[in-house]
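Chemist: Below are the sequence and a predicted model; questions follow.
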Amino acid sequence: MPPQDDPALDALLFPFQIGRLAWPDTGALFLRARAGVGLVPSAWPGLVCEQSSRPEAAALERAGFSVDTGGDSRHQLVLVLPPRQRDEARALLAEAAARAQGDDALVVASVPNSEGAKAIEADLARIADPVDTLSKHKCRVFWARPNQGRGDAALAQQWRSLDAPRPILEGTEWDGRFVSRPGVFAWDRIDPASALLATHLPAGLAGRAADLGAGWGFLSDALLRRCPGITSLHLYEAEARALELARRNLAPHAGRVALDFRWHDVTAGLPDRYDVIVSNPPFHGPGRAARPDIGRAFIGAAAQALVPGGTLWLVANRHLPYEQALGEGFAEVETLAQQGGFKVVRARRAGR
C-alpha cells in the first residue's frame, strides 16, 4: 500500500526543505517515525527511525529505513510526531529533549492544529524555551534547543517518567493486578467491550488459543482465568508499548500456560493454527476515521488460522459491518449478546 497523505509529516520536513533549518551531516533521530511520500533515505541521510507500531515500522522498512522499537542513542537533531494523548505526548517531548546531544541540538515536532498543536507547542516551551514555529498543511511545526538551559529540567525529567508502566484501577477489585501506561488503548480502564466478551467466554474452551489485538492483556487474562483447559496462548499486538505491559500482566499465568508475546500486524495474517481465538479488534487507524477494514482483516486472519471446528469469540461495536466477513469465513455465526452498543459473536469454522 502506498503511503497515505500525512500533513503532520509533511509539515515536519518543511523547515528543512525551505532552508529554515539545516540537516546535520551526522543525520538525525526520528521518534514515532512514519513513512511518507517525502521521506526517502536518499533525501534524509543518516536518519535513524524509532517506531513501536508494527504496521508503521513495516512501512518504514519497505521505504528502505531500518527501524527500532526504542533505544538510547543521542543525536544533534531529534524529530518527533507527538501523539494525541497528552501525557504520552509530554513523555515523548521529554524523551526527545533527553536524547538531543550538544548545546545547539534541536528538537523539532509537528502536530495538526485539530489535535492540540498549540498546547503541545506550549509544553515544549516549558522544558525547552524559546520555541520557534511555522504553520503549514493545517499543522504547526515547532522547534527548540533543549540544552541551552532555559527550560525546566526538573519538569522534563518528571514528564519523561510519564511513559513508565504504572498500576491502574487502584481502589477497585483489580487493585494492584494490572499495570499500564498512557497512550495504549483503554490504558487506565477496562474497556467495556472486552469486559462484555469476557463474561461470555465459556469455561470449557480448551487447547491452543490466540488473542488478536491483545493490548495490555485484560482479555487474555480473563480467558486464562475462566478457561483452565487452555494449554497455550499467543498474544498478537501491533503496539510494542502495549505488548510489554501484557507480558507483565500475564506473568501470574506463566507457570501453567505456554505464553508467547508477538509484535505482529494481524492484518498480514497469522503464522500458526489455533483451537480458540478471542479478539476485540481495533476499528481506527492512527487518526479518528473509522477503519472497519481492519476488523474484517482480523476476522479473515482468524478464519485462516483456526483449525476445523475452531471458534472465534469476537466483540465489536454493533454498527460495524462484519457480517459478510464472518459469513465468508465461518460455517456457523451466532450473536450471543448485544449490550451497551456492542455485540458479542461466536463463529465456528467448518470441520470436526
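Modeler: Received the coordinates, thanks. Numbering: from 1, shown residues only.

Chemist: end-to-end on stretch 302-309?
Modeler: End-to-end distance for stretch 302-309: 12 Å, by CA to CA, to the nearest Å.

Chemist: Please identify the buried residues of it?
Modeler: Ala302, Ala303, Ala305, Leu306 (16 or more other CB atoms under 10 Å). All C-beta atoms are positioned from the backbone trio N, CA, C, and that covers glycine.

Chemist: so which pair among these is furthest apart in space?
Modeler: Using CB to CB, the buried residues of stretch 302-309 span at most 7.5 Å, a distance reached by Ala303 and Ala305.

Chemist: quick one, helices of this protein?
Modeler: In the chain, helices defined by DSSP state H lie at 7-17, 54-62, 86-98, 117-127, 153-160, 192-199, 218-226, 240-249, 292-305, 323-329, listed in chain order.

Chemist: And the last one, how far out from the chain middle?
Modeler: For helix 323-329, the gap between its own C-alpha mean and the chain's C-alpha mean amounts to 27 Å (CA atoms, centre = their mean, to the nearest Å).

Chemist: For that helix, C-alpha coordinates in CSV please.
Modeler: Extracted as CSV, the C-alpha positions of helix 323-329 are listed here (Å, rounded to 0.1, in the frame of the first residue of the first chain):
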residue,chain,number,x,y,z
GLU,A,323,-21.4,-9.9,8.9
GLN,A,324,-20.2,-10.5,5.4
ALA,A,325,-16.6,-11.3,6.5
LEU,A,326,-18.0,-13.6,9.2
GLY,A,327,-20.3,-15.4,6.7
GLU,A,328,-17.5,-15.9,4.2
GLY,A,329,-15.0,-17.4,6.8
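
Chemist: mind showing which ranges of the chain have poor pLDDT?
Modeler: Filtered on pLDDT under 70, the chain yields the residue ranges 1-4, 284-289, 352.

Chemist: who's in contact with the closest residue in space to Gln339 that isn't next to it in sequence?
Modeler: Spatial nearest neighbour of Gln339, excluding adjacent residues (CB to CB, 6 or more residues apart in numbering): Leu196 at 5.9 Å. Counting by CB atoms under 8 Å, 6 or more residues apart in numbering, Leu196 touches Val315, Ala337, Gln339, Gly340, Phe342, Val344.

Chemist: Val78 contacts Ala109, doesn't it?
Modeler: No - applying CB atoms under 8 Å, one finds Val78 not in contact with Ala109, separated by 9.1 Å.

Chemist: Please enumerate the shared neighbours of these two.
Modeler: Joint contacts of Val78 and Ala109 (CB under 8 Å, 6+ apart) are Ala96.

Chemist: neighbour count winner among those two?
Modeler: More crowded of Val78 and Ala109, by other CB atoms under 10 Å: Ala109, with 30 against 26.

Chemist: Specify the beta-bridge partners of the nearest residue to that one once chain neighbours are set aside.
Modeler: What sits nearest to Ala109 in space, not counting adjacent residues and going by CB to CB, 6+ apart, is Val80, at 4.8 Å. On the basis of DSSP bridges, Val80 is bridged to Leu31, Ala109.

Chemist: I'd like to know how many residues surround Val80.
Modeler: Using other CB under 10 Å, Val80 has 26 neighbouring residues.

Chemist: roughly how far apart are it and Phe16?
Modeler: Relative to Phe16, Val80 is positioned 14 Å away (CB to CB, to the nearest Å).

Chemist: returning to that earlier point: could I get the helices of the chain in a markdown table, plus columns for distance to Phe185?
Modeler: Converted to a markdown table, those look like this (distance: least, CB to CB, whole Å):
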| stretch | distance to Phe185 |
| --- | --- |
| helix 7-17 | 21 |
| helix 54-62 | 14 |
| helix 86-98 | 12 |
| helix 117-127 | 21 |
| helix 153-160 | 22 |
| helix 192-199 | 9 |
| helix 218-226 | 10 |
| helix 240-249 | 7 |
| helix 292-305 | 13 |
| helix 323-329 | 21 |
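
Chemist: which of those helices is buried the deepest?
Modeler: helix 86-98 (a mean of 23; mean count of other CB atoms under 10 Å).

Chemist: Quick one: distance of that one to the chain centre.
Modeler: 16 Å.

Chemist: cool, stretch 291-306 as well?
Modeler: Distance, centroid of stretch 291-306 to centroid of chain: 18 Å (CA atoms, centre = their mean).

Chemist: Please apply the same query to stretch 100-110.
Modeler: Distance of stretch 100-110 from the chain centroid (CA atoms, centre = their mean) equals 25 Å.
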